[in-house]
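Participant: sequence? don't have it. structure:
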């Protein structure tokens, strides 16, 4: 058996009371494909990594899935498994291109904080739906008309 580490980035919240069921569902997926889940590490995507002192805000969580495989996996096999475990589809596509187009051996990165974000389109700042979601997040009364 070969030890492999799969990484997933999920842009959603994980309720603490759902964590065990979430891990168990991934264990079943892996077992159905011939792999054995040995350990899972789940960290908020905004939680500082051990070697970084700062705390950042995250909107999701990162997972490291320690699995046993009957044989070493190719990069594309590892990427496919990460996708099946729920990895962010955009991250999967970028990693697919890193593997197939750039042949980058360090394709499987998980970032603990945002390194760059494209500027927000001015139209988005005026979007009613975005404003309502921000109000909901802040716990304000939704749809309240401003004077």
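Facilitator: Right, received. Where do you want to start? All figures in this text were calculated on a predicted structure; none of them were measured in a lab. Residues are numbered from 1 along each chain as shown.

Participant: need the contact list for the residue most central in space within the chain.
Facilitator: By Cα atoms, centre = their mean, the chain has its centre lying nearest to residue 9, at 1.1 Å. Counting by Cβ atoms under 8 Å, 6 or more residues apart in numbering, residue 9 touches 45, 60, 62, 87, 88, 91, 110. C-beta: built from backbone N, CA, C; applies to glycine.

Participant: tell me which of the residues you listed fall in helices.
Facilitator: Taking DSSP state H, the ones among those that sit in helices are residue 91.

Participant: any idea which of the contacts of residue 9 has the most stuff around it?
Facilitator: Neighbour tally across these (other Cβ atoms under 10 Å): the maximum, 23 neighbours, falls on residue 87.

Participant: report the buried residues of whichever helix in the chain runs longest.
Facilitator: Under DSSP H, the helix in the chain containing the largest number of residues is helix 19-32. Under the neighbour-count criterion of 16 or more other Cβ atoms under 10 Å, helix 19-32 has 22, 23, 26, 27, 29, 30 buried.

Participant: what packs against that helix?
Facilitator: Counting by 3 or more Cβ pairs under 8 Å, 6 or more residues apart in numbering; DSSP states H and E, the packing neighbours recorded for helix 19-32 are strand 36-44, strand 61-69.

Participant: so it versus strand 36-44, what angle?
Facilitator: 140 degrees (axes from the mean of the first three to the mean of the last three Cα atoms, to 10 degrees).

Participant: what is the orientation angle of helix 19-32 with strand 61-69?
Facilitator: Using the same axes, to 10 degrees, helix 19-32 lies at 30 degrees relative to strand 61-69.
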